[in-house]
Every structure is written in C-alpha cells, then in structure tokens.
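1. The sequence and its predicted three-dimensional model are supplied below.
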Amino acid sequence: MKKELSKFSADITVFENEIIIKKSDLTHPTENLCGNNDHRIAMSAAAAAFSTSGTVTVKVAEAVKKSYPSFWDEIR
C-alpha cells in the first residue's frame, strides 16, 4: 500500500508494528498504479484515484474478482 499511495504523494512511514499516514493533499500519480494481484490494493488505489483529476491506470487489477467481481463495471 505504501508504494501505491506514495505515487499520489502520500506521506507514509511504516514501522514493524505501526503505520503513520500524515494528512496531505493527494496529487495525480505520474505513473501507473499496480494492484499487486491483491483485490484490496487494487480497489484502494481506484478509490484514491477519485480524489485526483485525470485518468489513472491500475495494472494487475483482475484480483478484484476474488471479492467484488463487478467492481470495475460499477465504478465505470
């Protein structure tokens, strides 16, 4: 999640048992996002993309079929 959210300029620090996400304005990512074959990451990346303007591509996004097969059709 840190890798993908960092593409939005999110300020995230990860420790062994703690994650700190500082409040910040998200920016439009300059590179494609990756779902990492994890339905939670793919859907979270898509939700974060709605806070920016422009088109965002989520690669390796078919993992949403695990929990929400119609996800991409519904958000489209």
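-> Noted; the coordinates are in hand. Numbers count the residues shown, from 1 in each chain.
2. wait, what's in contact with the spatially most central residue of the chain?
-> With distances taken as Cα atoms, centre = their mean, the residue of the chain nearest its centroid is A45 (1.6 Å). With contacts taken as Cβ atoms under 8 Å, 6 or more residues apart in numbering, A45 has the following neighbours: E4, L33, C34, G35, V56, V58. Using the backbone N, CA and C atoms, a C-beta is placed for each residue, glycine as well.
3. Can you tell me which of these is nearest S24?
-> Proximity of the contacts of A45 to S24, judged by Cβ to Cβ, is greatest for E4, which lies at 15.1 Å.
4. A strand includes the closest one, no?
-> No: assigned with DSSP: H, G, I helix; E, B strand; the rest coil, E4 falls outside any strand and is helix.
5. follow-up on the earlier one: between the contacts of A45, which has the most around it?
-> Taking other Cβ atoms under 10 Å to define a neighbour, the member of the contacts of A45 with the most is L33, carrying 24 neighbours.
6. how far away is that residue from E16?
-> 26 Å (Cβ to Cβ, to the nearest Å).
7. can you check A47 too?
-> A47 is 27 Å from E16, by Cβ to Cβ.
8. Done for today, thanks.
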